[in-house]
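Visitor: sequence first, predicted model second:
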Amino acid sequence: MASHRLKPLSALGREFLAVESIGPVTVAEVMDVALASLAARRGQEAVVGAAAAQAGIPLPPPGRAEVGAVCGAFWVSPEMWFLEAPFATHEDVVAHLRPVFGEAASITEQTDAWARLNVTGPLGPLFERLCNLDLGRFEPGSATRTVIEHVGCYAIRRAPERMTVLGPRSMAGSLHHALTVAARSVA
Amino acid sequence: MNQALRQTEGFVADLPQAALGPSQVQRVGAGLVDRSRTLSFTFDGRAYAGHPGDTLASALLANGVRLMGRSFKYHRPRSVIASSSEEPNALVELRSGARAEPNTRATVVELWDGLEARSQNRWPSLAFDALGVNDFVSPFLTAGFYYKTFMWPAAFWEKLYEPVIRRAAGLGRLSTEADPDAYDKGFLHCDLLVIGAGPSGLMAALTAGRAGARVILCDEDFLLGGRLNAETLAVGGQAGTDWARAAVAELAALPNVRMMPRTTVVGAFDHGVFAAVERVADHVAAPLAGKPRQILWRITARRSVLAAGAIERPIAFRDNDRPGVMLAGAVRAYLNRWGVAAGRRVALFVNNEDGLRTARDLDARGVDVVAVIDARPEGERLPGIRHLKGAVVTGTAGRLGLTGITVRDAQGREERVACDVLGVSGGWNPTVALTSHHSARPVWEEGIAAFVPSLDGPKGLGVAGAAAGALSTHGALATGAARAAEALEDLGFRVSSVDLPEAEDAPVRLRPLWHVSGTGRAWVDFQNDVTVKDIKLAHQENFRSVEHLKRYTTLGMATDQGKTSNVTALAVMAELTGKGIPETGTTMFRPPYTPVSMGVLAGRSRDEGFKPTRLTPSHKWAREQGAVFVEVGMWLRAQWFPRPGETTWRESVDREVLATRKGVGVCDVTTLGKIDVQGTDAGAFLDRVYANTFSTLPVGKVRYGLMLREDGHVMDDGTTARLGEHEYVMTTTTANAVAVFRHLEFCRQCLWPDLDVQLVSTTEAWAQVSVAGPNARRLLERVVDGDISDAAFPTMACGNVTVCGGLRARLFRISFSGELAYEIAVPARYGDALIRELMAQGKDLGATPYGTEALGVLRVEKGHVAGGELNGQSTALNMGLGRMVSRKKDSIGMVLSQREELVREDGLRLVGVRPVDPTAVLKGGSHFVALDKEAVAANDDGWLTSVVHSPHLGHQIALGYLRNGAARMGERLRVVNLLAKTEVEVEIVSPHFIDPEGERLRG
Amino acid sequence: MKYSALRVFREALTGHKGWTPAWRDPDPQPSYDIVVVGGGGHGLATAFYLAKEFGQARIAVLEKGWIGGGNAGRNTTIIRSNYLLDGNQPFYEFSMKLWEGLEQDLNYNAMVSQRGILNLFHTDAQRDAYTRRGNAMILHGADAELLDRSQVRKMYPFLNFDHARFPIKGGLLQRRAGTARHDAVAWGYARGADQRGVDIIQNCAVTGFRIVNGRVLGVETTRGYIGAIKVGVAVAGSSSRVMAAAGMRLPIESHVLQAFVTEGLKPVIDGVLTFGAGHFYVSQSDKGGLVFGGDIDGYNSYAQRGNMAVVEDVAEGGMALMPMIGRARLLRTWGGIMDMSMDGSPFIDRTPVQGLYFNGGWCYGGFKATPASGFCFAHLLARDEPHPTAVAYRLDRFRRGAMIDEKGQGAQPNLH
Amino acid sequence: MLILHPLLGLRDAQEFTYLGDASIIDRPDGLTEPEAFHDYLYLRDNPAGVHKELWFHEQGDRSWLVVTRNTVTHEILGAELARDYARGRGRSR
């Protein structure tokens, strides 16, 4: 990666990332993950599956997220996934993935389309105030689209007490506000 | 006089304010309240005492306060009749200031220390209410009287009659201050939702909880146990209250059971979705900081059991609304649960066995039961109590409180019986409300003379206990267990057989009695003052269906939603029509079960948080520049950037426009929708969704695209760039980004499912900045790493580039302003840095940030369509873009865009407008009228869609849609704004006000 | 019987024994000159004007349930004529004029109350759109005023001016708009029609049409066959079902619209208010309840009930606009079935079947149209030509491309 | 309402955006006469009963679904991916 002279700003408009703790819950904005959408082209589903398998990229079934050697992935649409990779090594994530899939897939950079908030702590009491997710049935490894206070998000449960919430970058402030207000409400 | 009235007619003489504890003269036992702690509260400014576990109603009764409110129409003095949420009379205003809460039922207010309550709908005082005069003129105020009068003269309705009526309207007052409390929403999921925690609900929850199902148990009361708390009945060999306490303890220990007291399930919606309101902080003066007052829960339940009990109904007889006439079950509840004797000399009027329990319980507590008037001639008499069989109550006496009743015995002899409370039981109506939320009509059950739930209620909802018509404790326990077991087996749980605790199973033995005939007024709907006479009048005037009856008399429309009145009214109407009750109709209930605060329905969506706010990548920078922001949908965009010394927005905007046209302007255009279209059929796909052609667009080029709806009107427009053989990026307008994406997915999935095309939104991934003006290239050359000379990067070129030493970026040579212009996009996290870099690098080139206002001026000067022209009603032809619609290929909207009325030669066309007097002021939305014609609809020639001040031309210019506009270039017209009573003479010109040949953008 | 203050006074003194039925309950006759199907406001108004204005006799109104039991009694009682387009504005203004004389026309107090409607705007673009609309209204002879922020604030000081997500910038006011007591409108027309000899036949559902050689001869009903020279159908909410019996497919979908009322409160809101940045409109009834509504639920439905999403959406709009209503309680909700048409505008037209006429597609705007709808439908039934204010309401307008699309949403009924 | 998504199980209807009668899938050939387009775009059976209709999982996986639902009871009888349904109706490229 060429070393350009532009300084990044987080979705929340921060130069330095912050972690907030509210009672037992912490909410942290992170920007160290590169994200790309991967969509199999028509009739190329098997080719894409094979290429991914060979490259160690998981392509989980609907509703699921998986961690792989190079990339993590979660399902977003029929024949479409979001792939996650370390930003430091994969900033131009499309350039990394293109050789793997060639013309069999459409790949689009999504890194900065989404604000990324990691929430840790007891998730049940918090998320039941935020979105229509049945946390009891949303065990680690689950990933879904959901709505938090009118903001369309992805929720990925990494561990019993750890959730990643991806929200549209432009609405990061509103999403963060919703999370922290709810955390205070249940604290 | 008030004082005198109270002392002679009131129930208890005034007590000194200091006498708090001892003032609870009617407290005859502990019940389930905590008498070790005393709470003080005020009602109409006077101080009283109560205990934890009291409701406002029980505490007022304990203090001997009976007069609690006034009725709606006649302003009759009223006291509490019930002990639960069905209460129609005892409505108070709670708290004060911004937290004042009108129409609150005293029976559901859990007492707290410092509670303040006031009576309402009275002036000057509760005991003496001037509008009590309505009661004396009540013969004129019968049902529907207002439909028959107040018609002359016509203008007097708004001026005279209605203001008087409106002043008298309503009960409580709404504070006009913003509600200071927060409200939350939440979502819960369970296998079994149990609604009501009386014996049947507890039994259902125990059955399901022990089987390992995920159970939610809701009850509107703060004390679980339901009717068991109000009775002296035994369950499983122990006191019913103790059994309830043990059941609650067992449930609380189960991790799979969630107990939700103070939570009312208010609505049953489709597919097992319920709405419930939890009153988190209504039993304290104010919520804790950061905590909600109430929570609206949306509960998704795989199965549910309604165990909401039953509501006792009154019997109508003359003056049955006097303070002191109560429901017999409520009298018993106050005695057993709250240790309060509602009166000292109590009479009872019953038509069923249950009412006799009240007599027994009062007698056992040493309260004087002066008589039991039993409408049933048959059956045994109560020992040791004067029990009149086959008798009825025909009237009452007293003014602000009951002093006695008139009784007619089986032989027709009337006698006066002195008493201060009359407990009435006309039977029990199962609480079927939720079962009819899906429009199922309850069915009549003769045995208990009541409506029970129909079998076609909400799918997955079972009904247990009194709500199902099982009115005994045994029936409640048995049906609770059975409904839960059925639901669980349905879901595949193994349910072990449950040992039912032993409990009474007494028969109901009811003899239907709805009203006692006679002269005078007999109330059916207490709050709205609907009497038996009103029902008779409705019948006489042919308002005989239940719906007509309700609407004509306002019966059941009060805040109690007819809980104590609907069935009685129906029965009275059935008598009048000579039909049976089921033939006459049923009562229907719609959500909510009890009234719900607007605040909780809105949750956190209010004030600035009403909708999410979308910020552009350069927002922080723009704020530092002092930008003024404007809402564009949910986005906040910089509208203009005022500089020191500029006093009007026009000064700033003019400067930004001129700076752009002379040097270079910079504007964040990230809000435009960006959709990545890839796949081997991407070009073919775009040919079908755009009216013009894209498959022939060379790689590295951009084209303007016009998108139609299938009805041939313009849906959206924007530019689409071809970045690779199979890769396009489409831009949409800010407003239509979501709808266009949805439409494209529809086309892709539903119309042409085998085209190889993949879509993903990239609106937020890239920060996109417009760089426009003669110096645009010079500025970008300092930022972009490669060659962007006119030769290397001509008009409508696009491509991947790098900026600032290697950051990947996209560059598009497109222009909305008519200037030499580019849009440059970088990953969004670098958007802030990019715009700072552009401003820094462009200092000597006159780089100037511009906002949406200047953007608007620039595009109107150039004649580009936008919001005002893209109004969903216009066609390509209207916009002067008719030739863009290719007739040679199948594209969405092509066929229907050619319908006769849409292709009229004399139809609306986009035109430019210039005021003849350059100092004249135009207003958007003004209409075109010919100079010599009158401003009436027949001469309406169109309207101005967009108006700006062009600093370039030094006067206002506008775009508009003008009838037959293409043929009217050079014509002079008026534009009239009849709202402001102004008109301006204008000349119709080409919409391309500057550089019609496009020299500048090729520059 | 004529209603008057004097009559009310006399009856009060004599025990109200003299009041007679507001309308009779006759058995159906074997045939009529004109049968109006549908005993809602529009059908009853049609019958009333047929008898009163067009000299027609031998008229029956057939109602499957109880008169006024459909949308006539399930709306938010608003009357207004603040339309934008040429096809609509003259019609609704005609309706407004009929409202203004309704009580004297009917000898029934339907409580027509012209307390004004204020449509708030929040952006410059909305202001321009309302300017265009206000001018169109005045051009058509209606009244309209454009208020700025301070004028709005003076009228409604309790609105959210200080913490608004979408600031109030002004509003379009029509002072002659307001509300009317919805049930009374149906009852008043029924009584007026009945007094002029119209048979109002309740509990009489039309199950089919007898059509021979392209001409209607009568209707099959649950109370037997009833012959008719002309049949007018005004059954909004059931239009597709009823007209299917005549072999017609309509440019209509049925959708549920919910409405809401709070507990009775002392008066705080004088006129009708609409929120331009959310789905919310409100007025306060003469009984004190805040009556409000919002969007339709959005999916085809014949169930007269809605779901939570719209309840919450409306409450959010209400709280955003008027945060003082947080402690007011929602008392009742109800749902009505709307004929949502393909351009959001109605139909009053002949059909391909001779003698069969259709009135429907009122979307959620039918109540305010009641008088003019009845008058214009009566005009069409009696004279076989459209009333001048209703010439645009033709069924063939989509073939010609003459849509009357106030919202510019195109052929998607749930967006109108 | 809850919609049984063929891939994701029961999802709240609020996550979806409604379009209308699934007959809108049966689009006439794009170079055909306006009459066919008129009937296609404007006329509806609008049944009181079973209705096949299009819902877009806008706040979900962006699948268009054809949902079979009773418009009187709101009962949902089934849901399938619209692209499969469309193929079944003979739509392809």
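Guide: The structure has been received and is ready for your questions.

Visitor: check contacts around residue 3.
Guide: All of this is about chain A. Residues in contact with A:Ser3 (C-beta atoms under 8 Å, 6 or more residues apart in numbering or on different chains) are B:805-806. No exception for glycine: its C-beta is placed from N, CA and C like everyone else's.

Visitor: actually it's chain D I care about, not the one you picked
Guide: D:10-13, D:16, D:55, D:65, D:67, D:76, D:79.

Visitor: secondary structure of it: a helix, I assume?
Guide: No: under DSSP: H, G, I helix; E, B strand; the rest coil, D:Ile3 falls outside any helix and is assigned strand.

Visitor: show me what it is bridged to.
Guide: Judged by DSSP bridges, the bridge partners of D:Ile3 are D:Arg11.

Visitor: for the closest residue to chain B within chain D, which non-adjacent residue is closest in space?
Guide: In chain D, the residue that lies nearest chain B is D:Gly30 (2.4 Å; C-beta to the nearest C-beta). Once flanking residues are discounted, D:Gly30 sits nearest to B:Asp890: 2.4 Å by C-beta to C-beta, 6 or more residues apart in numbering or on different chains.

Visitor: count of neighbours near the one you found?
Guide: Number of residues near B:Asp890 (other C-beta atoms under 10 Å in any protein chain shown) recorded here: 15.

Visitor: and what of the one 5 residues further on?
Guide: Number of residues near B:Val895 (other C-beta under 10 Å) recorded here: 26.

Visitor: hmm, back to that, tell me which of the contacts of D:Ile3 fall in strands.
Guide: Judged by DSSP state E, strands contain the following of the contacts of D:Ile3: D:10-12, D:55, D:65, D:67, D:76, D:79.

Visitor: dump the residue contacts of the residue lying closest to B:Tyr850 once chain neighbours are set aside.
Guide: Computed as C-beta to C-beta, 6+ apart, the closest residue to B:Tyr850 that is not its neighbour in sequence is B:Glu656, at 3.8 Å. Residues counted as contacts of B:Glu656 (C-beta under 8 Å, 6+ apart) are B:640-641, B:665, B:848-851, B:853-854.

Visitor: in the helix or strand containing B:Glu656, which residues are buried?
Guide: Using DSSP states H and E, the element containing B:Glu656 is helix B:649-662. Neighbour counts over helix B:649-662 (16 or more other C-beta atoms under 10 Å in any protein chain shown) mark B:652-661 as buried.

Visitor: tabulate these (JSON lines), appending distance to B:Gly842 and pLDDT.
Guide: Below are the buried residues of helix B:649-662 laid out as JSON lines (distance: C-beta to C-beta, whole Å; pLDDT from 0 to 100):
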{"residue": "B:Ser652", "distance to B:Gly842": "18", "pLDDT": "98"}
{"residue": "B:Val653", "distance to B:Gly842": "19", "pLDDT": "98"}
{"residue": "B:Asp654", "distance to B:Gly842": "20", "pLDDT": "98"}
{"residue": "B:Arg655", "distance to B:Gly842": "16", "pLDDT": "98"}
{"residue": "B:Glu656", "distance to B:Gly842": "14", "pLDDT": "98"}
{"residue": "B:Val657", "distance to B:Gly842": "17", "pLDDT": "98"}
{"residue": "B:Leu658", "distance to B:Gly842": "16", "pLDDT": "97"}
{"residue": "B:Ala659", "distance to B:Gly842": "11", "pLDDT": "98"}
{"residue": "B:Thr660", "distance to B:Gly842": "12", "pLDDT": "97"}
{"residue": "B:Arg661", "distance to B:Gly842": "15", "pLDDT": "96"}
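
Visitor: cheers, nothing more for now.
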